[in-house]
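In: okay, here's the prediction I keep looking at, along with the sequence it came from:
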Amino acid sequence: AEERALVKKLFKKTKETLNKAKRSYVCKSLKDVIRGFRECKTVAEERALVKKESAHIRDLFKEGDTAFRRRNVLKLLFFHMNGHPTDFGQIECLKLCASHKYMDKRVGYLGMLVLLTDSEDTLTLITNCLKLDLENNDPTIVALALTALGDVTSPEMLRDLEGVIQKHLTSKISFVVKKAALAATQVVRKLPDSAELFIGKVPNLLEHRESAVLLSGLALATEIGVQAPNFLPQLRRNCASSLVKIMKNIFSHSYDTVVIGGVPEPFVQGRVLILMRILGEGDSQVSEKFGETLALVASSTDTAKGAGNAVLYECVKTLIALPLDSSMKNLALRLLENFLETKEPNIRYVALQELKKVVAYDIIGVQALQSTIFDCMKEEDVSICRRAVDVAFTMTNQRNVQDLAKELIMFLDKRPDPDLQEDACRKICTICNAFSPSSDWHVRTMIDALRRADRNMPEDLCMSIVSLVSGEPSLQEKIASEIYVEAIAPELPIDLRKARWRLIRIALILVGEHGHYVIGSGKPFSFPTALSSMSQILNACANLYFDDENEELQVEIERVRENALTAMVTMAARVATDTEMLELRNILEEYRSSPNVELQTRACEYSVLLTSDMLDIRQELFAPIPSLNFDRFRTSHGLLAAGGSSTVSSIDQIDALFGFSSLSTAAPTTSVLAITDGTGLDDLLGGLSLSTNANQLALVPK
């Protein structure tokens, strides 16, 4: 009678709880929620459904509902997978983990893995629950706890439970051993000093015949080798022979193996090869023991499917990393060559990635694949192009520098992407500096790169062209003539945005400094013609500057205008007649009131310098700059070091050297008048110092 009364009381209490929960809401099943979610046609409808359902779930959680807790946590997991906030369900997951029912624990641990992260403080609340589950007699519950430990845990939890995990590594139940090995891997990853607890268990794991346990054991051994290098000698002694034995068993089919894509146990093979690479690196004796096995893998693996290629990729990485003889290194190179000849882009990508490592010890072998690498540079896939350019760059020497430079120039033509072009330009500059056969070839290659990349060529590389020509007097006349004909003399395109403005700017600098060799009376080009061409550029720049909203282009146009003024005045000071000088002063007049401070400053100074009273000072100021020893300058100032990047601002160095302005500073740059030590400059400028602002300089008398 008492038992019946107790049952009735419990039934009544349960019924009241259910009625209370269902009073205002019928708890939908997970299938109903998913169906309703999929029927939503807009994001707003989805959010409304999730908001309404989450509110009901939150109410049930607050009331302490246990009848629908598991169902509600599953719904929260579905919402979380679709990107909606579900943090309020974390504690409910822990409550399910503490339940005595397996179904509740399964959902609770699943929710913990999905909704919680390693940094959550809530994790500390479940430590005791995990310990109880790890000591449970039911292996399925133990496996759930080990799975959670192998995924979302904190170092403190692992420190408390590492002893229990170690015990389960000797279990007779395979799936428990597998889970324990993965949990031990997590312990070693977060607590490297705990590797000593598990290293003695690794040999037994590697002797196991079941693939899942074997994979877990290999993962544990690999993690110990990476996180605790001091245990590598012990791993080599205990595991090297086991790894060779595993590979022989796989290829001899001495036990039932899983075949994927015609390859037996590809996952196990991949893990074994990774561990071989860790154990054999730096140890020639162990590497020799692995050599025969690696040759067996290379010769016996079918490459028709992705599984075989994945195994061979790990084999190649191991062959490259281990200290093996030349025949094994050549085997790795042959495998990479086969990879490059496949049509699969992913395989070609990884092959190029590994070829960069081969260059370090066999550059001749890699150079034998030069044509194949050049073909990869023409691929549509940008990532393959990048890798191919990197490999070609690393294998450059005196013998193939011209071929590589030619290919990189062609690469600039076919790849308009700014990042790719900038990287290619830097590589062109670096190989030219290191392996250039002649100064003439060096300069022409750099100009060719500028011609194709234009504004995508970095500023420091553009200015290096100027310094190169300055350092080679024998090239100055030829280069000035050619670049004048190409960049300054022709009419600008109708769409001014398509003009090669950076090439024009460098041409103005070169023609301004070296144009007196080809422009003037008795020279191939007359000064009025050159002045007209540069005036055309100035006018086009003015129109484009005020009409265009592209900030980067505006900066480039400003520089072109400044260099055009300097080029005209420099040539006039050397070759112009009085009449031509007057014409130039008229051009400068409109820039004396320019809103651009730099242009206004230069126009005011140049207008004064072009008067007849300033003849002696003018000739001294605009005399040709002495030849620059580019090699010495580059060495002493770090110009273009490390592939084109300079430790000091190369642009400012060149600007200071040649007297060019730099837009990187807010204040006006040093005046060209400051180049000389001539007297009377203060009187010349009406008592103004060289730091006088633009408004004052605008008052200088004509």
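Out: Alright, I've got the coordinates.
In: scan the chain for its longest helix.
Out: If you go by DSSP state H, the chain has its longest helix at helix 551-575.
In: list the helices and strands the helix or strand just after it packs on?
Out: Sequence-wise, the next helix or strand downstream of helix 551-575 (DSSP states H and E) is helix 578-589. Helix 578-589 sits against helix 527-547, helix 551-575, helix 597-609, with contacts defined as 3 or more CB pairs under 8 Å, 6 or more residues apart in numbering; DSSP states H and E. C-beta coordinates here come from the backbone N, C-alpha and C atoms, glycine included.
In: just those helices: most buried one?
Out: The highest average neighbour count among the helices and strands packed on helix 578-589, using mean count of other CB atoms under 10 Å, belongs to helix 597-609 at a mean of 23.
In: by contact count, what packs against that helix?
Out: Judged by 3+ CB pairs under 8 Å, 6+ apart, helix 597-609 is in contact with helix 551-575, helix 578-589, helix 615-621, helix 694-697.
In: angle of that helix against helix 551-575?
Out: When axes from the mean of the first three to the mean of the last three CA atoms, to 10 degrees is applied, the directions of helix 597-609 and helix 551-575 differ by 10 degrees.
In: got the angle for helix 597-609 vs helix 578-589?
Out: Per the same axes, to 10 degrees, the angle that helix 597-609 makes with helix 578-589 is 150 degrees.
In: mind checking which of the helices and strands packed on helix 597-609 is nearest Asn72?
Out: Minimum separation from Asn72 across the helices and strands packed on helix 597-609 (CB to CB) falls at helix 551-575, 54.2 Å.
In: quick one: the closest one to chain centroid distance?
Out: Taking CA atoms, centre = their mean, to the nearest Å, one finds helix 551-575 lying 36 Å from the centre of the chain it belongs to.
In: please name every helix or strand in contact with it.
Out: Packing partners of helix 551-575 (3+ CB pairs under 8 Å, 6+ apart): helix 501-514, helix 527-547, helix 578-589, helix 597-609, helix 615-621.
In: let's see that with 6 Å instead.
Out: Applying 3 or more CB pairs under 6 Å, 6 or more residues apart in numbering; DSSP states H and E, we find helix 551-575 packed against helix 501-514, helix 527-547, helix 578-589, helix 597-609.
In: let's have those in TSV, adding distance to Asp390.
Out: Listed next are the helices and strands packed on helix 551-575 as TSV, based on distance: least, CB to CB, whole Å:
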stretch	distance to Asp390
helix 501-514	25
helix 527-547	37
helix 578-589	48
helix 597-609	39
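In: wait, which of the helices and strands packed on helix 578-589 is closest to Lys41?
Out: helix 551-575 (42.4 Å).
In: I would like the residues contacting that closest one, please.
Out: With contacts defined as CB atoms under 6 Å, 6 or more residues apart in numbering, helix 551-575 is touched by 501, 504-505, 508-509, 511-512, 515-516, 519-520, 527, 534, 537-538, 541, 544-545, 581, 584, 598-599, 602, 606, 618, 622, 661, 663.
In: mean confidence (pLDDT) on that helix, please.
Out: Helix 551-575 carries an average pLDDT of 86.
In: same check, this time on stretch 399-414
Out: In this model, stretch 399-414 has an average pLDDT of 91.
In: could you do stretch 65-84 as well?
Out: Stretch 65-84 carries an average pLDDT of 91.
In: residues of that stretch that come out buried?
Out: By neighbour count on 16 or more other CB atoms under 10 Å, the buried set for stretch 65-84 is 65, 68-73, 75-80, 84.
In: what's the neighbour count on Leu584?
Out: If you count neighbours by other CB atoms under 10 Å, Leu584 ends up with 24.
In: now the residue lying closest to it once chain neighbours are set aside: how far from Asn456?
Out: Leaving aside its chain neighbours, Leu584 sits nearest to Ala572 (5.0 Å; criterion: CB to CB, 6 or more residues apart in numbering). Using CB to CB, to the nearest Å, one gets 33 Å for the distance from Ala572 to Asn456.
In: how about Phe525, phi and psi?
Out: phi -130, psi 140 (degrees, to the nearest 10).
In: any idea how far Leu496 is from the nearest residue to it once chain neighbours are set aside?
Out: Leaving out its chain neighbours, the residue that sits closest to Phe525 by CB to CB, 6+ apart is Ile519, at 4.7 Å. Ile519 sits at a distance of 25 Å from Leu496 (criterion: CB to CB).
In: repeat that for Asp87.
Out: Following CB to CB, the distance that separates Asp87 from Leu496 is 56 Å.
In: pick out whichever of those two has more residues nearby.
Out: Shown here are Asp87 and Leu496; by other CB under 10 Å, Leu496 has more neighbours (17 against 12).
In: tell me which of the helices and strands packed on helix 578-589 lies nearest to Val114.
Out: Nearest of those (CB to CB): helix 551-575, 45.8 Å.
In: let me know the angle separating that closest one from helix 501-514.
Out: Counting by the same axes, to 10 degrees, helix 551-575 lies at 20 degrees to helix 501-514.
In: mind putting the buried residues of stretch 65-84 in TSV, distance to Arg452 and secondary structure included?
Out: Converted to TSV, those look like this (distance: CB to CB, whole Å; DSSP: H, G, I helix; E, B strand; the rest coil):
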residue	distance to Arg452	secondary structure
Asp65	71	coil
Phe68	68	coil
Arg69	67	helix
Arg70	65	helix
Arg71	65	helix
Asn72	63	helix
Val73	61	helix
Lys75	59	helix
Leu76	57	helix
Leu77	55	helix
Phe78	54	helix
Phe79	53	helix
His80	51	helix
His84	50	coil
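In: tell me the one of the residues you listed nearest Val33?
Out: Lys75 (5.2 Å).
In: excluding its backbone neighbours, what's nearest that closest one?
Out: Distance criterion CB to CB, 6+ apart; nearest residue to Lys75, sequence neighbours excluded, is Val33 at 5.2 Å.
In: closest one to Ser464 among the helices and strands packed on helix 578-589?
Out: Across the helices and strands packed on helix 578-589, closest to Ser464 is helix 551-575 (CB to CB), at 16.0 Å.
In: after the helix or strand containing Ser216 comes which helix or strand?
Out: Using DSSP H and E, Ser216 sits in helix 211-227. Sequence order places helix 232-252 as the next helix or strand after helix 211-227, per DSSP H and E.
In: for that next one, give the mean pLDDT please.
Out: Averaged across helix 232-252, the pLDDT comes to 92.
In: equivalent analysis for stretch 533-547, please.
Out: 77.
In: one step back: worst mean pLDDT among the helices and strands packed on helix 551-575?
Out: With a mean of 80, helix 527-547 has the lowest mean pLDDT of the helices and strands packed on helix 551-575.
In: could you say what helices and strands it packs with?
Out: Judged by 3+ CB pairs under 6 Å, 6+ apart, helix 527-547 is in contact with helix 551-575.
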